[in-house]
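[1] sequence plus the predicted model coming up.
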Amino acid sequence: MRVSLDWERVLSSGLLSWPGADLSKVDQHDYNRITEDGAEAVALAFVNRHRAWRVIRRMQREEHADWLLEDAREGGRQIVALEISGVDRGSIVARLAEKSSK
Amino acid sequence: MSTSDGPASWASKNPSPPFISQRGSRVETDALNTLVSGAIWRAEQLEAHGIRFASQAWAEVSSLEEELAKAFPLSESEGRIARRGAVRAALKAGEYARAHALADGYLADEAAPRSLKTALRKILQEDDQAIAGRFQHAAKHHTLREARDLARRFREGGAFGLAA
């Protein structure tokens, strides 16, 4: 599928593909969970590719972030808390505002 | 890296896995971070589906968070995250005494920043409120400590356990 990215106000586009799944087995999985896991996989791959951020660990839900990452470029080490969120339809604006307020 | 001693080591009476040293090298903390990531995922999944074994999964999370808390000092965000996580997961596991012992130890650490102390107290207060809400009748007639004991007995013995 085609995807467009807005990274620090720079727009780019590309293709996202993944191995096919046996549709008879998809129903065995939690739809919301596999959607979230897929979104997290894409986001983590993206920030690693573009920022070389490395995953440290998953966070507990109450920590208000999904993943803890480290930015080890240029000799230093900065910790990054990454929250991944999305909607399957419509605009992301409201969701983004809600998450930003937290 | 420094380690956190004192009352927080209450739960350390259980022997640690042999690959975990008290000082926590990079490789060891990487392994712990990988383990805790998987454990959190499992615990949240079990909890979301209402599966009773979620409490065991949260106990595993708490133990791993406690090991991470020993490996990372308070000055690092990972150390503060682990301390909060150890207490929170212990409460979710129903290990109230252990949770309070861990919190007491972390709160007693002179190096603990005010933000961490506030967060730990909030975690305990929210759990108290959750228990009081779950056992409203008991909360009218008993203290929260007594309500916690009732919750433990209910968890261990079910409804008939309370009558025993």
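    Here it is on my side, so go on.
[2] got a list of contacts for the lengthiest helix in chain A?
    Looking across chain A with DSSP state H, the single longest helix is helix A:31-51. By Cβ atoms under 8 Å, 6 or more residues apart in numbering or on different chains, the residues outside helix A:31-51 that reach it are A:5, A:7, A:16, A:18, A:26, A:53-55, A:66-67, A:69, A:71, A:73, A:82, A:84, A:86, A:88, B:45. Using the backbone N, CA and C atoms, a C-beta is placed for each residue, glycine as well.
[3] and those residues, which are buried?
    A:Trp53, A:Val55, A:Asp66, A:Trp67, A:Leu69, A:Leu82, A:Ile84 (16 or more other Cβ atoms under 10 Å in any protein chain shown).
[4] can you put those in a markdown table and add pLDDT and distance to chain B?
    Below are the buried ones among the contacts of helix A:31-51 laid out as a markdown table (pLDDT from 0 to 100; distance: Cβ to the nearest Cβ, whole Å):
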| residue | pLDDT | distance to chain B |
| --- | --- | --- |
| A:Trp53 | 93 | 15 |
| A:Val55 | 95 | 8 |
| A:Asp66 | 93 | 10 |
| A:Trp67 | 96 | 9 |
| A:Leu69 | 97 | 11 |
| A:Leu82 | 93 | 13 |
| A:Ile84 | 89 | 14 |
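[5] could you list which of those residues belong to strands?
    A:Trp53, A:Val55, A:Trp67, A:Leu69, A:Leu82 (DSSP state E).
[6] show me what the longest helix that chain B contains is packed up against.
    Secondary structure of chain B per DSSP H: the longest helix is helix B:26-48. Helices and strands touching helix B:26-48, by 3 or more Cβ pairs under 8 Å, 6 or more residues apart in numbering or on different chains; DSSP states H and E, are strand A:53-58, helix B:54-71, helix B:77-92.
[7] quick one, the last one and helix B:26-48 angle?
    This points to helix B:77-92. 40 degrees (axes from the mean of the first three to the mean of the last three Cα atoms, to 10 degrees).
[8] and helix B:77-92, what does it pack onto?
    strand A:67-71, helix B:26-48, helix B:54-71, helix B:96-108, helix B:114-134.
[9] buried sites along it?
    Within helix B:77-92, the residues that count as buried by 16+ other Cβ under 10 Å are B:78-92.
[10] kindly report the same for stretch B:107-122.
    Buried, per 16+ other Cβ under 10 Å, within stretch B:107-122: B:Leu107, B:Asp109, B:Ala112, B:Leu116, B:Ala119, B:Leu120.
[11] possible to save the buried ones among the contacts of helix A:31-51 as TSV with distance to B:His142?
    As requested, these are exported to TSV (distance: Cβ to Cβ, whole Å):
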residue	distance to B:His142
A:Trp53	49
A:Val55	45
A:Asp66	38
A:Trp67	41
A:Leu69	45
A:Leu82	43
A:Ile84	42
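[12] residue ranges with poor pLDDT in chain B?
    Applying pLDDT under 70 to chain B flags the ranges B:1-24, B:138-139, B:147-148, B:161-164.
[13] if we use 90, what do you get?
    Chain B contains residues with pLDDT under 90 at B:1-27, B:45, B:48-53, B:96-97, B:127-164.
[14] near chain A, which residues of it?
    By Cβ under 8 Å from any Cβ of the partner chain, the residues of chain B that approach chain A are B:33-34, B:36-37, B:40-41, B:44-45, B:61, B:77-78, B:81, B:84-85, B:88-89, B:123.
[15] chain A: which of the buried residues of stretch B:107-122 is nearest?
    B:Ala119 (9.5 Å; Cβ to the nearest Cβ).
[16] distance of B:Ala71 relative to chain A?
    For B:Ala71, the distance to chain A equals 12 Å [Cβ to the nearest Cβ, to the nearest Å].
[17] B:Leu102 touches B:Glu66, doesn't it?
    Yes: under the criterion of Cβ atoms under 8 Å, B:Leu102 makes contact with B:Glu66 at 6.7 Å.
[18] tell me which residues in the longest helix of chain B are buried?
    Under 16+ other Cβ under 10 Å, the buried positions of helix B:26-48 are B:28-29, B:31-33, B:35-37, B:39-40, B:42-44, B:46-47.
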